[in-house]
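**Q** Provide a 3D model corresponding to the input given below.
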Amino acid sequence: MPDLPGVLASIPDGWKPFVSLVIGAFILVFLVMLHGGAIHGILFLHKRNGRRLLRERPHLIVAVLLFAWTVFLMLSLHILGVTLWAVALIYLGFIPHPSDAVYFCANAYTTLGYGSVDLGMHWRIIAPIIGISGLFTFAWTTSALVQVVSVHSQLVDQMEVKREEELRLRSKLRKDVWNDLAKEKLAERAEHDRFRSRVAGTSFFGLFEIWREERRRVKELRRATVGQIKEFRKEEYEQEEKLIQSTLPKKPEEKQ
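**A** Residues are numbered from 1 along each chain as shown. This is a model prediction of the structure:
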């Protein structure tokens, strides 16, 4: 590989500012394109995972974690940008120590200034170019973050509506189950009273037959109650599935 620091040092001093301008512009364009592609991928992942959450039971904590993960990825992009600038400056021989390179690039990237570290009189034009790249990427991230916040708010609203509707359906299910159990208890008591009225003057074997008939009747009542409760739960589950499907975004052919 060519000795880039040596090649750059051999350039006449009058041309070094123009060379630094070309080097900075090339890195800036590369970094902005990389940042834009990564932002597009982050937005795509956020929307896809949001649609996946709408196809499942509403869990607001998962939506919050998805939002936090998206913000972390955006922050990681800027850390990557600072790191790439630092690696480039070290590779070109402008700053020898990695810690100084990272410190210089972080200050220039965020337009805070480059502090006590300097590139030298002939290469210092790279510092404002680093600042320009930071302005470009921060502006892009800000616009993407606004979109993420908007999508996240809509997602949370939809999940909250689904959650309230599910709570209503489950409350109705508990009420139906309770009413059915209460009816079953009343029916058991009525059967018990009816069979008890037949006990008087009945022989031992007659009592045994009455007891067996009563137990059989009670089992039938309980079996019917269990079947009815299963029907209630099945109906509630089907209504929840319809609720989930109703909140999913429609496909283009369905809209037409």
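**Q** For the nearest residue to residue 155 once chain neighbours are set aside, give its distance to residue 153.
**A** In this structure, residue 155 finds its nearest non-sequential neighbour in residue 50, 4.8 Å apart by C-beta to C-beta, 6 or more residues apart in numbering. C-beta here means a position set from N, CA and C on the backbone, and glycine is covered the same way. Separation of residue 50 from residue 153 (C-beta to C-beta, to the nearest Å): 11 Å.
**Q** The two - which one has more neighbours?
**A** With neighbours defined as other C-beta atoms under 10 Å, residue 50 and residue 153 compare such that residue 50 has more, 22 against 11.
**Q** Mind telling me what element that one is part of?
**A** helix 16-54 (DSSP states H and E).
**Q** residues of that helix that come out buried?
**A** Of the residues in helix 16-54, 16, 19-20, 23-24, 27-28, 31-32, 35, 38-39, 42-43, 46, 49-50, 53-54 count as buried by neighbour count, 16 or more other C-beta atoms under 10 Å.
**Q** Tell me the helix or strand right after it.
**A** Per DSSP H and E, the first helix or strand lying C-terminal to helix 16-54 is helix 60-91.
**Q** okay, the angle between that next one and helix 16-54?
**A** Interaxial angle, helix 60-91 versus helix 16-54 (axes from the mean of the first three to the mean of the last three C-alpha atoms, to 10 degrees): 160 degrees.
**Q** Go through helix 60-91 and flag the buried ones.
**A** 63, 66-67, 70-71, 74, 77-78, 81-82, 84-86, 88-90.
**Q** where does the stretch 1-150 of the chain have low pLDDT?
**A** Per-residue confidence for the stretch 1-150 of the chain (pLDDT under 70) gives these ranges: 1-10, 57-58, 114-115.
**Q** rerun at 80
**A** Residue ranges of the stretch 1-150 of the chain with pLDDT under 80: 1-13, 15-16, 54-60, 113-123.
**Q** wait, doesn't residue 101 sit right on residue 92?
**A** No - between residue 101 and residue 92 there is no contact under C-beta atoms under 8 Å: 10.2 Å.
**Q** quick one: which of the two has more around it?
**A** Neighbours per residue (other C-beta under 10 Å) separate residue 101 from residue 92, with residue 101 holding more: 22 against 18.
**Q** Distance check, residue 45 against residue 144.
**A** Distance, residue 45 to residue 144, by C-beta to C-beta: 12 Å.
**Q** same question, residue 42
**A** Taken as C-beta to C-beta, the span from residue 42 to residue 144 is 7 Å.
**Q** One more: residue 14?
**A** 42 Å.
**Q** Run a quick check on residue 46 versus residue 151, I expect a contact.
**A** Yes - counting by C-beta under 8 Å, residue 46 touches residue 151, with 6.6 Å between them.
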